[in-house]
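K.L.:
Everything below, folded, please.
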Amino acid sequence: MAKKGLPLDDVLIIDCHCHMGPWQHFNVPKGSAEGMLDSMNSLGINIACPTAHAAIGPDYVLGNNMVIDAVKKYPDRFAGYITVNPNHPDDIRNELDRGFECDGMIGIKLHPSCHGRTIEHRNYDTAYEVANSLKCPVLIHVWGRGDVNMIDRVAARYPEASFIMGHAGADIDAMEIAMNIVKKHENVYADIAISRAREGNVEWLVNGAGSEKILYGSDMPFFDPRPTFGRLAYANISENDKRNIFGLNMKRIIERYRR
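P.N.:
Numbering: from 1, shown residues only. Okay, the predicted model is just below:
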């Protein structure tokens, strides 16, 4: 179907790493919920898991409201993350409680780089404690060896939470360490929203960690979802491996939180 330019209607596809809304540095086409749905329908993406650009930037409340509104309006198509800002530690628990009141919010998003704090900063402890209690996923922007090593330590402290390493560590050296950490911890995963994609990267990730620990993520609408979609659809791996990555793995993570 992909070779014909048609949506993959017979494959469960959950995009675990998405954004929503405008971005401050450049134009983001199809950045609204409706624009994202148009992109999703063209490929056969069933569910997208967004965090708004505003939330990882200047206004986490505004950004979370955008995602909550999309989840309420399109409950079968969006499963959202609640983004918290460690520079407002006194409001983290309140914001998480507010977000999780909406049935369609399924996890927590952290962007240490944009918010200027490390993954292990003490102000994130509340978010990790909530995730551990709820057994929900935590998607974290992970960029470089230092971030990857911090995931190793945080995942060990909060074994009931599911940690998703956004961008799989980003650079080659970090990705090699990331694969070891993914294999080491049952609760750690990596997504394929790789900004600096190299030929054969999907095959390399599967060989390094197994298809059960890799997730489809596109960074949509920050990036057009089609290149990452194509890298997985045409990867030299088995059909079962592709189905795991496209959606089955993330489905299991979400169901673990919801049970």
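
K.L.:
Any stretches of the stretch 51-200 of the chain with poor pLDDT?
P.N.:
Along the stretch 51-200 of the chain, segments meeting pLDDT under 70 span 197.

K.L.:
90 instead, please
P.N.:
170-172, 194-200 (pLDDT under 90).

K.L.:
What distance do you get for residue 181 to residue 119?
P.N.:
Residue 181 sits 12 Å away from residue 119, going by CB to CB, to the nearest Å. All C-beta spots, glycine's among them, are computed from the backbone N, C-alpha and C.

K.L.:
what do the two both touch?
P.N.:
residue 151 (CB atoms under 8 Å, 6 or more residues apart in numbering).

K.L.:
Do a quick rundown of the strands in the stretch 151-259 of the chain.
P.N.:
For the stretch 151-259 of the chain, the strands defined by DSSP state E, counting those that start in this stretch occupy 162-169, 188-191, 214-215.

K.L.:
ok, the shortest one: who's next to it in the sheet?
P.N.:
Just to be clear, that refers to strand 214-215. strand 188-191 (parallel) (DSSP bridges).

K.L.:
The longest one now?
P.N.:
Sheet pairing of strand 162-169 (DSSP bridges) gives strand 137-143 (parallel), strand 188-191 (parallel).

K.L.:
Please list the residues outside the longest one that contact it.
P.N.:
When contacts are defined by CB under 8 Å, 6+ apart, strand 137-143 is touched by residues 16-17, 49, 51, 56, 81, 106-114, 119, 127-128, 131, 147-148, 151, 161-171, 174, 178, 191, 253-254, 257.

K.L.:
Cross these against helices and list the overlap.
P.N.:
Among the contacts of strand 137-143, the members found in helices (DSSP state H) are 56, 112-114, 127-128, 131, 147-148, 151, 174, 178, 253-254, 257.

K.L.:
Now, of those residues, which are buried?
P.N.:
56, 112-113, 127-128, 131, 147-148, 151, 174, 178, 253-254, 257 (16 or more other CB atoms under 10 Å).

K.L.:
from the residues you listed, which single one is nearest residue 68?
P.N.:
Set against residue 68, the nearest of these by CB to CB is residue 56 (15.6 Å).

K.L.:
I'd say the closest one and residue 64 touch.
P.N.:
No: look at residue 56 against residue 64 with CB atoms under 8 Å: they stay out of range, at 10.8 Å.

K.L.:
Distance to residue 245 added to the buried ones among the ones in helices among the contacts of strand 137-143, as TSV?
P.N.:
Listed next are those as TSV, based on distance: CB to CB, whole Å:
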residue	distance to residue 245
56	24
112	25
113	25
127	26
128	26
131	22
147	22
148	20
151	19
174	20
178	15
253	13
254	15
257	19
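
K.L.:
Which single one of the residues you listed is nearest to residue 222?
P.N.:
Minimum distance to residue 222 across those is 10.1 Å, recorded for residue 56 (CB to CB).

K.L.:
Next one: the closest residue to that closest one other than its chain neighbours relative to residue 168, how far apart?
P.N.:
Leaving aside its sequence neighbours, residue 56 sits nearest to residue 111 (CB to CB, 6 or more residues apart in numbering; 4.0 Å). Between residue 111 and residue 168 the computed distance is 16 Å (CB to CB).

K.L.:
do the same with residue 153
P.N.:
Residue 153 is 18 Å from residue 168, where distance means CB to CB.

K.L.:
what about those two, which has more around it?
P.N.:
Ranked by neighbour count (other CB atoms under 10 Å), residue 153 and residue 168 place residue 168 first, with 28 against 11.

K.L.:
Now for residue 244, how many residues are close by?
P.N.:
23.

K.L.:
Report the contact partners of the residue lying closest to residue 51 once chain neighbours are set aside.
P.N.:
Among residues not flanking residue 51 along the chain, residue 109 sits closest, at 3.9 Å (CB to CB, 6+ apart). If you count contacts by CB under 8 Å, 6+ apart, residue 109 has them with 51, 55-56, 81-84, 138-140.
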